[in-house]
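Novice: Pasted the sequence and its predicted model underneath.
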Number of protein chains: 2
Amino acid sequence: MPKPAVPAAVPSPFRSKAEREHDRAEKREAVLLAAVRMFNARGYHAASLDDVAASLGVSKPTIYHYLGNKEQVLVECVNRGLSMLREAADTAAGAPGSGHDRLRAFLLRYACINMDDFGRCVIRTNEEVLSMDSAIRFRARKREIDDAVRGLIAEGVADGSIAPVDVRFASFALAGALNWPARWHDPDGPLSPEEVAEKLVDIALGGLTPRR
Amino acid sequence: MPKPAVPAAVPSPFRSKAEREHDRAEKREAVLLAAVRMFNARGYHAASLDDVAASLGVSKPTIYHYLGNKEQVLVECVNRGLSMLREAADTAAGAPGSGHDRLRAFLLRYACINMDDFGRCVIRTNEEVLSMDSAIRFRARKREIDDAVRGLIAEGVADGSIAPVDVRFASFALAGALNWPARWHDPDGPLSPEEVAEKLVDIALGGLTPRR
DNA sequence: CAATCAATATACCCATGAGTATAGAAAATA
DNA sequence: TATTTTCTATACTCATGGGTATATTGATTG
């Protein structure tokens, strides 16, 4: 005898444990994004947590519930950006091709990250606003990225695909040229990050002096 | 009959009107310098006028006596830097030589200014911290400098001394590379601004791609 | 000498904003 | 159903710091 058919599933308002955890992670994410945008738009000190909360239609304790105090929020934003950069650096280190080609690929990604919410935050955050401890960790992580850039340049110089430049100053020059969009690029403007990245990288690598 | 000799002048503790005005100007200058250094070291919001006053061994009302409110202080600091840049731009515009040479000379000066107290302040000040009015004026003055850079690049492209680059992106790339020292250069470190400027300008203009 | 002005300090006011104590609602668990 | 946990808001505390009212001192000027 056939079992009676199970009635069609109704979308359940009751959430499983996994769903609840997912919800929580999603909210946390939204708070972080709202915060980083506020920090980028107004600067860390001028961006109040009340404003961040208001931009999400919640109240300040909600932010503390999900993320902790203001500096912890900033540190997490900055760490997001740094992780993206770190990943790009690792990818570049393991890629095939000449030093020049790998550097170029890395720089394109580097520039794009600097136009992303979290990447901008890395550039715009100065160590002075952080506690001593956080500042030290921040500096160390930035230093890793810088070392990766220098490594790529040095390899390019070694294999002849990059001119014999002073590696340190070359990394400063490149970093400056590609960090600057964090200040001026408008995500809602007509220029896509990829477009900007490509133009800037071409100029930074090629220079302005004519080749004949 | 000879007049009786005038006795030797004694250093007078009484100050003439001109001397008093000079004193005042000097004090005003000292306040401005103390302020810009504090702003550069801690960032505008984190730098309190109490701290600025304390660093001179005076009290807060003294700052108001000489300079006005906090934003006026910042605006004057920024204007100092902008005036230096403006002067450099005018000099470059009236100089002889190819576009490339004039651009190079200007950039050397530009980079040095960015490592000066007031120049750093121009770079490190974001419009968001200023009132609407000041921000508009600030942007306009920066735009003038940027236009000057673009003019020099365009002239270089026209006379063949600069490669046919996209003028706008070239100016962004150069500005970025040469603004960046405002963040990392340590005036008390071993690298002189002139040295840094020269190395960076050479790399920015020459690029990293080898020439054969 | 009187009146005034310049320069500076003390002591205050007040807004902002970080951070928290507390409470209540809803859901989960026992 | 009772209890605990999660989530969120209201309503506070408190420090910081911009800005000012007022007093004081000393020099300048009429």
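Specialist: That came through fine. Residues are numbered from 1 along each chain as shown, chains lettered A, B, ... in the order given.

Novice: only C-alpha atoms for contact and neighbour calcs from this point on.
Specialist: OK.

Novice: Quick check: longest helix in chain A by residues?
Specialist: helix A:132-159 (DSSP state H).

Novice: Give me the next element, helix or strand, following it.
Specialist: Heading C-terminal from helix A:132-159, the first helix or strand you meet, by DSSP states H and E, is helix A:167-179.

Novice: Surely residue A:163 is in contact with residue B:203?
Specialist: No - with contact defined as C-alpha atoms under 8 Å, residue A:163 does not reach residue B:203; the gap is 10.0 Å.

Novice: Which of the two has more residues huddled nearby?
Specialist: Set residue A:163 next to residue B:203 and count neighbours by other C-alpha atoms under 10 Å in any protein chain shown: residue B:203 wins out with 24 against 20.

Novice: count of neighbours near the nearest residue to residue A:138 once chain neighbours are set aside?
Specialist: Take residue A:138 and drop its neighbours on the chain: the residue closest to it by C-alpha to C-alpha, 6 or more residues apart in numbering or on different chains is residue A:127, 7.5 Å away. Other residues lying near residue A:127 total 15 when counted by other C-alpha under 10 Å.

Novice: Residue A:172 too?
Specialist: The tally of other residues near residue A:172 (other C-alpha under 10 Å) stands at 21.

Novice: Now do the contacts for the closest residue to it other than its chain neighbours.
Specialist: Once flanking residues are discounted, residue A:172 sits nearest to residue B:177: 7.2 Å by C-alpha to C-alpha, 6+ apart. Contacts for residue B:177 (C-alpha atoms under 8 Å, 6 or more residues apart in numbering or on different chains) come out as A:172, A:173, A:174, A:175, A:176, A:177, A:178, A:180, B:200, B:204.

Novice: just residue A:80 next, same as before
Specialist: A:118, A:119.

Novice: Surely residue A:181 touches residue A:115?
Specialist: Yes - with contact defined as C-alpha under 8 Å, residue A:181 reaches residue A:115; the gap is 6.5 Å.

Novice: Pick out whichever of these two has more residues nearby.
Specialist: residue A:115 (27 against 23).

Novice: what mean pLDDT does stretch A:31-48 have?
Specialist: Mean per-residue pLDDT for stretch A:31-48: 97.

Novice: I meant stretch A:183-193, not that one.
Specialist: What stretch A:183-193 shows for mean pLDDT is 97.

Novice: Could you tell me the end-to-end distance of that stretch?
Specialist: End-to-end distance of stretch A:183-193 (C-alpha to C-alpha, to the nearest Å): 13 Å.

Novice: how far does it sit from the chain's center?
Specialist: Computed by C-alpha atoms, centre = their mean, to the nearest Å, the chain-centroid distance of stretch A:183-193 equals 15 Å.

Novice: now do stretch A:144-159
Specialist: 21 Å.

Novice: Check stretch A:137-153 too.
Specialist: 14 Å.

Novice: outside of it, which residues touch it?
Specialist: A:82, A:85-86, A:89, A:93, A:99-100, A:102-103, A:127, A:162, A:167-168, A:170-171.

Novice: how about it: buried residues?
Specialist: A:138, A:141, A:142, A:145, A:146, A:148, A:149, A:150, A:151, A:152, A:153 (16 or more other C-alpha atoms under 10 Å in any protein chain shown).

Novice: Just send the residues you listed back as CSV, with distance to DNA strand D too.
Specialist: Formatted as CSV, the buried residues of stretch A:137-153 follow (distance: C-alpha to the nearest atom of the strand, whole Å):
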residue, distance to DNA strand D
A:138, 22
A:141, 27
A:142, 27
A:145, 32
A:146, 32
A:148, 37
A:149, 37
A:150, 38
A:151, 40
A:152, 42
A:153, 42
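
Novice: tell me the domain ranges of chain A?
Specialist: A:17-68, A:70-206 (automatic domain parsing).

Novice: Who are the packing partners of the helix or strand of chain A with the lowest mean pLDDT?
Specialist: The least trusted helix or strand in chain A, going by mean pLDDT, DSSP states H and E, turns out to be helix A:17-42, with a mean of 90. The contact analysis (3 or more C-alpha pairs under 8 Å, 6 or more residues apart in numbering or on different chains; DSSP states H and E) places helix A:17-42 against helix A:49-56, helix A:60-67, helix A:70-93, helix A:117-124.

Novice: That helix and DNA strand D, any residue contact?
Specialist: Yes - applying C-alpha under 7 Å from any atom of the strand, one finds helix A:17-42 in contact with DNA strand D at A:20, A:21, A:24, A:27.

Novice: May I ask which of those residues has the most neighbours?
Specialist: Comparing these by number of neighbours (other C-alpha under 10 Å), residue A:27 comes first, having 15 neighbours.

Novice: residues contacting the closest residue to that residue other than its chain neighbours?
Specialist: Spatial nearest neighbour of residue A:27, chain neighbours left out: residue A:66 (7.9 Å); criterion: C-alpha to C-alpha, 6+ apart. Applying C-alpha under 8 Å, 6+ apart to residue A:66 gives the contacts A:27, A:28, A:31.

Novice: Can you dump the C-alpha atoms of stretch A:167-178 in PDB for me?
Specialist: The C-alpha trace of stretch A:167-178 is given here as PDB (Å, rounded to 0.1, in the frame of the first residue of the first chain):
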ATOM      1  CA  VAL A 167      65.400  48.000  -6.700                       C
ATOM      2  CA  ARG A 168      64.300  49.900  -3.600                       C
ATOM      3  CA  PHE A 169      63.500  53.100  -5.400                       C
ATOM      4  CA  ALA A 170      61.900  51.300  -8.300                       C
ATOM      5  CA  SER A 171      59.500  49.700  -5.800                       C
ATOM      6  CA  PHE A 172      58.800  53.000  -4.200                       C
ATOM      7  CA  ALA A 173      58.000  54.600  -7.500                       C
ATOM      8  CA  LEU A 174      55.800  51.800  -8.600                       C
ATOM      9  CA  ALA A 175      54.000  51.600  -5.300                       C
ATOM     10  CA  GLY A 176      53.400  55.400  -5.400                       C
ATOM     11  CA  ALA A 177      52.100  55.400  -8.900                       C
ATOM     12  CA  LEU A 178      49.700  52.500  -8.200                       C
END
